[in-house]
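# predicted model, plus sequence, below.
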Amino acid sequence: MNESSAGAGAVDHLASVVIPCIEVDPLTVRCATDCAALSPGSEIQVLSDFPDTEGRLTHLAGVKTVVTGKVTIAAKRNLAARSTDRPYLAFIDSDAYPLPGWLPNAIAHLDREPALWAVGGPNLSPTDCPLGERYVGCALKSPLVSGKWTYRKTIKPARQVDDLPSCNLIVRRKRFLEIGGMDEALITGEDMEFCARLRAAGGNILYAPDVLVHHKARNLRSFIAQRLTYGTSVPGLLLRRRNFDFLALSLPAIFVLFVISGSAGLFWPVYGHLWLTVMALYVVALGIEAVRHSDRAVDVPGVFLALFLGNIMPGIGTLGRLAGCFRDTKKIYRNDQ
């Protein structure tokens, strides 16, 4: 099948939509249903730990459920890539759903620019989500939590980027397989590691605002587990010596060490004053960001808390992993939950 043959009415037939999940729950059903409705010619692969015993997806044309057992999300995506002959792989998370134009727009970008190996766009939090999820969704718009990757959670002009999350990532299948797919040993961060290898192999990644999905935010409890687990992946990512931003990945751990170091102020007053000054400025910055990104004034305290948790939990995860804790991160969080 030739990638360049994509016509206006036939582009859906060029893609395999890949939806990894733990089980076929209502969120997975909505994701698969919306994908099937918006891209009726596409192949849709739902890769689940467990069988769809209730037959929730059997009524959807073009949807195939694959029972994988308890494997990593990277292993599920690799299996899907090997199981299709369609030239494009459209990765989306089971708790996300595409907006109109998602797949055709992505394929159009890839067809226009042969040097592009992958394209994706924003994954925005739905506006009708519960309170805790709204706090987290607002916090993720801030550079204090998302760092230089805030474009993932906001609408920005199209541009080439270092990486995109696999909750909204459309890739040329040929290139995906050429560079070995995703690293199945990683519990989280597999998409960042994959994008680093893609760029090292000569490919480009496009952030396109018209390739848009809504992605369910975590509640505060799940957000803590997610951010903690993200932190545990940092040592493994850095050991792979890809072209990562070392400072951006290490900053949460540095921050936690600085917070802990405040106790030194009991014995070294000069350092104690410096520590208090820095922490006061940090609290002010949290407050400014909470006000800036909250949808409503009443949300500011909740967004403030989400910002703080988003800062500190990855650092605790990184330091804990280095100290030999959190050996089995699957007990904390699964990133296809």
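Yep, that arrived.

# list the buried residues in stretch 71-85.
Buried positions in stretch 71-85, judged by neighbour count with 16 or more other CB atoms under 10 Å: 72, 73, 74, 75, 76, 77, 78, 79, 80, 81, 84. Backbone N, C-alpha and C define where each C-beta goes, glycine included.

# OK, contacts around the third one?
If I follow you right, that is residue 74. Residue 74 makes contacts with 181, 182, 183, 184, 185, 186, 190, 194, as judged by CB atoms under 8 Å, 6 or more residues apart in numbering.

# let me have the buried residues of stretch 71-85 in CSV, extended by distance to residue 107.
Putting these into CSV (distance: CB to CB, whole Å) gives the following:
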residue, distance to residue 107
72, 27
73, 23
74, 23
75, 26
76, 22
77, 18
78, 21
79, 22
80, 17
81, 17
84, 15
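
# among the residues you listed, which one sits closest to residue 54?
When these are compared for distance to residue 54 (CB to CB), residue 76 wins out at 20.4 Å.

# just the pLDDT for the closest one.
In the prediction, the pLDDT value recorded for residue 76 is 96.

# just the element for it, please.
When elements are assigned from DSSP states H and E, residue 76 belongs to helix 73-82.

# also residue 286?
Taking DSSP H and E as the criterion, the element that holds residue 286 is helix 269-293.

# average pLDDT for that helix?
Helix 269-293 comes out at a mean pLDDT of 96.

# report the buried residues of it.
Under 16+ other CB under 10 Å, the buried positions of helix 269-293 are 275, 282, 286, 289, 290, 293.

# on that earlier part again, just the buried residues from the contacts of residue 74, in PyMOL please.
Selecting just the buried residues from these in PyMOL takes one command, with 16+ other CB under 10 Å as the test:
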select buried, resi 181+182+183+184+186+190+194
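
# which of the contacts of residue 74 sits closest to residue 159?
Proximity to residue 159 was ranked across the contacts of residue 74 by CB to CB; first place goes to residue 194, at 19.7 Å.

# could you measure from that closest one over to residue 287?
The span separating residue 194 from residue 287 equals 37 Å under the rule CB to CB, to the nearest Å.

# thought residue 45 was touching residue 64, still the case?
Yes: counting by CB atoms under 8 Å, a contact exists between residue 64 and residue 45, whose distance comes to 5.4 Å.

# neighbour-wise, which of those two wins?
Looking at residue 64 and residue 45 with other CB atoms under 10 Å, you find the greater number of neighbours at residue 45, namely 25 against 15.

# contacts only, for that one.
16, 17, 18, 19, 64, 66, 80, 83, 84.

# which one of the contacts of residue 74 is nearest to residue 122?
Distances from residue 122 to the contacts of residue 74, taken by CB to CB, are shortest for residue 194, at 19.3 Å.

# tell me how far that closest one lies from residue 175.
Applying CB to CB, one obtains 11 Å for the distance of residue 194 from residue 175.

# ok, residue 312 next?
Counting by CB to CB, the separation of residue 312 from residue 175 is 37 Å.

# check residue 214 too.
For residue 214, the distance to residue 175 (CB to CB) stands at 27 Å.

# more neighbours, the two?
Between residue 214 and residue 175, counted using other CB under 10 Å, the more crowded position is residue 214 (20 against 17).

# quick one: contacts of whichever strand or helix holds the more buried one?
Using DSSP H and E, residue 214 falls within strand 213-215. Contact with strand 213-215 is made by 92-93, 95-99, 102, 121-126, 167-168, as judged by CB under 8 Å, 6+ apart.

# of these, buried ones?
Counted by 16+ other CB under 10 Å, these give 92-93, 95-99, 102, 121-125, 167-168 as buried.

# can you lay out the buried residues of helix 269-293 as a markdown table showing distance to residue 141?
Compiled in a markdown table, the buried residues of helix 269-293 are given as follows (distance: CB to CB, whole Å):
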| residue | distance to residue 141 |
| --- | --- |
| 275 | 29 |
| 282 | 18 |
| 286 | 14 |
| 289 | 9 |
| 290 | 11 |
| 293 | 5 |
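
# any chance you could map the helices in the stretch 1-150 of the chain?
Secondary structure of the stretch 1-150 of the chain (DSSP state H, counting those that start in this stretch): helices at 26-38, 73-82, 102-112, 131-139, 143-146.

# residue 266: which of the ones you listed is closest?
helix 143-146 (27.9 Å).

# just the residues contacting the closest one, thanks.
Counting by CB under 8 Å, 6+ apart, the neighbours of helix 143-146 from elsewhere in the structure are 139, 140, 150, 152, 153, 285, 286, 289, 306, 307, 310, 311.

# the last one and residue 143, how far apart?
As defined by CB to CB, residue 311 lies at a distance of 11 Å from residue 143.

# residue 115 too?
Note on residue 115: its distance to residue 143, by CB to CB, is 29 Å.
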